[in-house]
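K.L.:
Coordinates only, no sequence provided:
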């Protein structure tokens, strides 16, 4: 895999990661610190000279205690629904291993030795399904590199030229299955069923990657949290004075960082290791083809 | 797509969107501000003249702290269930891409060249399923425009005249499949299975669009929140004085805006881009028909 | 539909609905007001004469703040699980449209013109499935009225005499399918599959309607909430005096009303418009039979 | 049904049930009252004599307000997951009605009159599946009583002697289906599918009954709640004095009662009316066999 | 089973388990106690000598009350999603009992006595599926011990040498089914379906064991909780003085212990009794083979 993946979920030593999270959220944290500093300067420089007193209501905390619950629940909702989408996407990726492998296994088990070439061709196209699917979903041609070893240059050129490549590849497999002379209707239908399952998986992947959580929600959540941390320094000044700057810094880092993670995970296909999945499926199909004769030998020996 | 879609989820620059949300919730926010102003005027004008003191209980906050959890949880429940319905509707729309495409692919793979016209006709009717379904679910004839290119004027006229058009279209596909002389029982059954799946999807769409969340819930939630923000100014006056007006404004904007989003998302078929889906399915079926021969050529070449 | 449905989810103008909710919860609200009044009378009449002081602990609020969270979460749990049951029931009702329609469509597509009478009979019995199912689940014979038009008086008499009518009707359909001479095993099995799906749906409906949420939960929730609102006036008197009466009234209306809705929605088959569903399915099957020839004509013309 | 079922979900008049709940939780409530009494005695007897002051920190409430959320959420989690398991178990029990009934209906519909005895035998064994399954899952031979009427003494003796009786009974049904000379592969496969579904249901029941929620969770939850109510009297004494005894009593009854219900419902097969289910399935299968000829007569008359 | 399983969910007497939990969390609890001690020493030794006053803000509690919701909800989210993964993994393990048993039962029911050896061989390989799957998922060869009794040394050697052993075993079963001369296409397809289901289960197990909850979440949760308990001693000192040490100890034990359980349960295949599952499946398949003739005898006798 030569293309680096953005936002890949690799972790790293804690200080570095904390720094990266800090960096991602820096505009909002900077804004919150700026507001805190403004509140402090106003209270120490202007208020003593008769400017209106807006920083010494200790009761100004009340609206925050009344809504801190709503803020937390909004973040839980965002976290939950992002995680739900991410896990659905991950499960769909997992199923994308199963169906190419199963269709190859069925072809290998049911087709006689004289159709060996056809079995291999079905396997080759099955291994090309994932690159085609990810290139289509992510609109990123770098996934095609995983198809170069399994398809001939001519096939690859044709497939890349198709408007909706993964479905074109599924159609090729359908035609290959139809071309077999040894399979009866039941067996063809069983393999076609795996092909249809893959069609449904690509549809699910498309749905998750193209359809965000309704903007209205995500925007209102962001709006709510931004309001919350913007006005909080006014409530914190009478309690903590200049200490409210570091306190606001930590608090906004924790709250906004959580919100930010939700936003990133919401687009699961940006964070899942798709290149690794492509290589995994290719290997799985390859092994199915390679082990076929050994398995047959083991089966007939017992 | 020529018909604009209401409430479409397009976003836009933040200030405009905030303004739009503000506008949607204006009656309630206005009401809350009115109550706040009334409390202020009463406290400053009438109370000093011996009218009963209803605005200086600082302990009046207690009922609000005791119920702020309940309000927040009610809003989470509404948000969660609206989102659940919306995602179920979106998933059903996604499956409405798969089944027409799969039935076309199966017909194309299994029927011989001499039944080519029949394959095309099945494809044409498969592409007409989505316009028929959405016109039926939304009771909005504008979706029929997407069927004009795939059906003949006579077919379209007949279909639009049917009482439950999507199911009539499914029956036409059933009859077309039965008319084929090359398909055996297994293959006909496999295609009929896709037809039945589409029937079930239309049923699911009908259920989501016709059956709201029980009115008792949504009304009591609204009642709870309206009570909460209506009485809150009485608790805020002794704490903030006239500052309670802007505070109440922001608070009700945040709380009521959230509630309002839940109500809009509850009717997912009003916010999903159905016209775009119709065009997408039409294109997917079209590509399946067009790529058929190319796929067969690629398959036989390998 | 001549029989009115209890608790049907029709809404109405807000003041009336509020009144109805008020009425449903009146015993508990009355109890809470009584306790509040007793606390007030005790504090003003007896306590000054040396009776023990039980109403002036301002710290008596503490147990309520510590448990208000638990009360709110219990109500969320009740609301969530009631809604889950209701939506599962509604989905099952929706599937009860699909399977009768699908079995009729399959019979109509696969059986030749000379078995036209058999197709019609299958359709008639498919339309009778829903009345039989709802009469069985709700133990309410009024649903049978929807079967009078589709079954002969003799058939209806026999079916109503059966101990578990919906399953007897499914068996009749099985026998009708077996009686066809033109269907092969695959096709019979495909229709039997729809019959079995309906069997499973009736089972699901029976489960939801006969099995309440464990009594232990619902009772403890009620107990918790009753305790909460019964003792709250003791904590409110030192804070609000006689104003605690209207405050307790509004609070108990909001809290208990929510709990009450959960209880009602818990029995979804009492609130869903089952009569309307019966008529809808009858119409759907009728249309499938009527449109059959038109669909065949359209199919053969293209 | 002659064997009483423990913890059956029957309810009863409220005071009695409250008493029963009280009784179940008595050790912990007693412990909490003991601690409260100890705190009171220490504060009134020993502290005035110079013993260290551990009961007059009013700020001792703080740790409890900070963790009351966590306690409530832990109980919600327990309640939710117990309810989820219970509903999954109840749904599995409901499906255990469907599959024996469906396999009997299919056999009855497809097998000719000359194999009538075989149909009856399949029905008899289908009715024996539930007693075998529950006796196996609950390791309680009392469920076998429901099989005495359907199996011959010899069959019953053999089945009870099998190590995993329900799966042995499924194998007998497989052999009976294979023994039919009239069923073709498709039909045998359709009935075998119902047999396999029952196998999967028994597996699900085994999983739910043998695998508790991870002990680590349930124990830590209990530990958390016990800590919470054990230390609470120290915080309540300075606020309520001797009144903290009844307050702690009610509070621990409500909190610990909820926790206790979760524990009971966690083992759904102890609270579900399995004997009633056995009798229900027996009757359902019996009716399927009895109504067979009547249904055939009705079918052929129309 | 000779290999001990780490973290197995066995429980034990409460004091010991508490000790073990204490031990697992000791670094963080130690850290919290250290911070508490530092705060105490600073306040008693250095502050009186003019060092800046950082420990006597009673209002320092505010940020903690505002975020205690968020901390609790984060822990609920972690608990919920870990439990969800664990239950999904447990359900997949349960299905791994069903499919080997079903494939053996189908082979035993459909294959004639002269293919008895083939039935036995299919059963042997079905029993080897679980060891192969767990050895592959856990990358732990100790599970192979459960295959020694069912496979010949030669077969076992070959299987262990395969790169993806469970899928190689599935291929052997496919070849064995294909080798049967008595099964028709329908029956072969039915058994292949069970094989494919097992393939999907292994894929699901791989997904759950290889794909953790996104690191970004788990890390931010940990960061949030560590911040919370690290700064809490500063807020507790002015309230409790040296008593804040034991209070912080208990509090961090309860909070961090919960978090820690979530982390452990997140990798379900480390805590599930996989060795026991292997032995269970072996026994189930064995019983299916052994009871076959007895079941046939019972079936033919009735």
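P.N.:
Noted; the coordinates are in hand. Computed from a predicted model, the values in this text were never measured in an experiment.

K.L.:
How about the contacts made by residue A:194?
P.N.:
A:99, A:102-103, A:106, E:196 (CB atoms under 8 Å, 6 or more residues apart in numbering or on different chains). Every residue, glycine included, has its C-beta placed from N, CA and C.

K.L.:
residues in the stretch 151-300 of chain A within reach of chain D, list them.
P.N.:
Taking CB under 8 Å from any CB of the partner chain, no part of the stretch 151-300 of chain A reaches chain D.

K.L.:
Helices of the stretch 151-300 of chain A, residue ranges please.
P.N.:
Shown for the stretch 151-300 of chain A, the helices assigned by DSSP state H, counting those that start in this stretch span residues A:153-161, A:165-179, A:185-210, A:215-240, A:244-265, A:268-271, A:274-301.

K.L.:
Format those as a markdown table; extra columns: mean pLDDT.
P.N.:
A markdown table is the format used below for the helices of the stretch 151-300 of chain A (pLDDT from 0 to 100):
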| stretch | mean pLDDT |
| --- | --- |
| helix A:153-161 | 94 |
| helix A:165-179 | 95 |
| helix A:185-210 | 95 |
| helix A:215-240 | 87 |
| helix A:244-265 | 86 |
| helix A:268-271 | 86 |
| helix A:274-301 | 91 |
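
K.L.:
Columns distance to residue A:87 on top of the ones you listed, output as JSON lines?
P.N.:
Converted to JSON lines, these look like this (distance: least, CB to CB, whole Å):
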{"stretch": "helix A:153-161", "distance to residue A:87": "30"}
{"stretch": "helix A:165-179", "distance to residue A:87": "22"}
{"stretch": "helix A:185-210", "distance to residue A:87": "10"}
{"stretch": "helix A:215-240", "distance to residue A:87": "19"}
{"stretch": "helix A:244-265", "distance to residue A:87": "10"}
{"stretch": "helix A:268-271", "distance to residue A:87": "8"}
{"stretch": "helix A:274-301", "distance to residue A:87": "15"}
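
K.L.:
Please identify the most buried of the ones you listed.
P.N.:
helix A:165-179 (a mean of 25; mean count of other CB atoms under 10 Å in any protein chain shown).

K.L.:
for the stretch 51-200 of chain A, which spans come out with low pLDDT?
P.N.:
Within the stretch 51-200 of chain A, the segments meeting pLDDT under 70 span A:58.

K.L.:
Spatially, what comes nearest to the spatially most central residue of chain A if we skip its sequence neighbours?
P.N.:
Nearest to the mean C-alpha position of chain A, by CA atoms, centre = their mean, lies residue A:268 at 1.0 Å. Excluding the flanking residues, the one nearest residue A:268 by CB to CB, 6 or more residues apart in numbering or on different chains is residue A:89, at 3.5 Å.

K.L.:
ok now the lengthiest helix in chain A, how far from the chain's centre?
P.N.:
Using DSSP state H to define each element, chain A has its longest helix at helix A:62-110. Helix A:62-110 has its average C-alpha position 9 Å from the chain's average C-alpha position, going by CA atoms, centre = their mean, to the nearest Å.

K.L.:
Downstream of it, the next helix or strand is which one?
P.N.:
Going down the chain from helix A:62-110, the next helix or strand is helix A:116-138, by DSSP states H and E.

K.L.:
what comes up buried for that following helix?
P.N.:
Neighbour-count burial for helix A:116-138, counted by 16 or more other CB atoms under 10 Å in any protein chain shown, picks out A:118-137.

K.L.:
how many degrees apart are that helix and helix A:153-161 in direction?
P.N.:
30 degrees (axes from the mean of the first three to the mean of the last three CA atoms, to 10 degrees).

K.L.:
got the angle for helix A:116-138 vs helix A:165-179?
P.N.:
Calculated by the same axes, to 10 degrees, helix A:116-138 forms an angle of 160 degrees with helix A:165-179.

K.L.:
What helices and strands are in contact with helix A:116-138?
P.N.:
helix A:62-110, helix A:153-161, helix A:165-179, helix A:185-210, helix A:268-271, helix A:274-301 (3 or more CB pairs under 8 Å, 6 or more residues apart in numbering or on different chains; DSSP states H and E).

K.L.:
chain center to the third one: distance?
P.N.:
For helix A:165-179, the separation from the chain centroid amounts to 28 Å (computed by CA atoms, centre = their mean).

K.L.:
Stretch A:282-293 and chain B in contact?
P.N.:
No - Stretch A:282-293 is not in contact with chain B by CB under 8 Å from any CB; minimum separation 14.6 Å.

K.L.:
With chain E in mind, check whether that stretch reaches it.
P.N.:
Yes - shown here: stretch A:282-293 in contact with chain E (CB under 8 Å from any CB) through A:283-284, A:287-288, A:291-292.

K.L.:
List the contacts of residue A:199.
P.N.:
Counting by CB under 8 Å, 6+ apart, residue A:199 has contacts A:167, A:170, B:98, B:101-102, B:105.

K.L.:
go with 7 Å
P.N.:
Shown in contact with residue A:199 (CB atoms under 7 Å, 6 or more residues apart in numbering or on different chains): A:167, A:170, B:98, B:101-102.

K.L.:
So for residue A:24, what pLDDT did the model give?
P.N.:
On the pLDDT scale, residue A:24 is placed at 75.

K.L.:
Was I right to think it contacts residue A:258?
P.N.:
No - here residue A:24 does not reach residue A:258: they are 11.9 Å apart, not a contact under CB atoms under 7 Å.

K.L.:
ok, residue A:166 to residue D:153 distance?
P.N.:
Per CB to CB, to the nearest Å, residue A:166 is found 62 Å from residue D:153.

K.L.:
scratch that, residue A:146 is what I was asking about
P.N.:
From residue A:146 over to residue D:153 (counting by CB to CB), the distance is 65 Å.

K.L.:
which residues does the residue of the stretch 1-150 of chain A found nearest chain C contact?
P.N.:
Closest contact between the stretch 1-150 of chain A and chain C, by CB to the nearest CB, is at residue A:69 (8.9 Å). Taking CB under 7 Å, 6+ apart as the criterion, residue A:69 is in contact with B:68-69, B:72, E:69.

K.L.:
Report the contact partners of residue A:131.
P.N.:
With CB under 7 Å, 6+ apart, residue A:131 has these contacts: A:143-144, A:146-147, A:278.

K.L.:
Out of those residues, the closest to residue A:34 would be?
P.N.:
Using CB to CB, residue A:143 comes nearest to residue A:34 of the contacts of residue A:131, at 42.7 Å.

K.L.:
Leaving out chain neighbours, which residue sits closest to the residue in the stretch 201-302 of chain A that chain B sits nearest to?
P.N.:
With CB to the nearest CB as the measure, residue A:207 is the residue of the stretch 201-302 of chain A nearest to chain B, at 4.0 Å. Excluding its sequence neighbours, the residue lying closest to residue A:207 (CB to CB, 6+ apart) is residue B:94, at 4.0 Å.

K.L.:
Number of residues surrounding that neighbour?
P.N.:
Per other CB atoms under 10 Å in any protein chain shown, the neighbour tally for residue B:94 reads 20.

K.L.:
Contact residues of the stretch 201-302 of chain A facing chain E?
P.N.:
Contacts of the stretch 201-302 of chain A with chain E, taken as CB under 7 Å from any CB of the partner chain, map to A:239-240, A:247, A:250-251, A:254-255, A:257-258, A:261, A:264-265, A:271, A:284, A:287-288, A:291-292, A:294-296, A:298-300, A:302.
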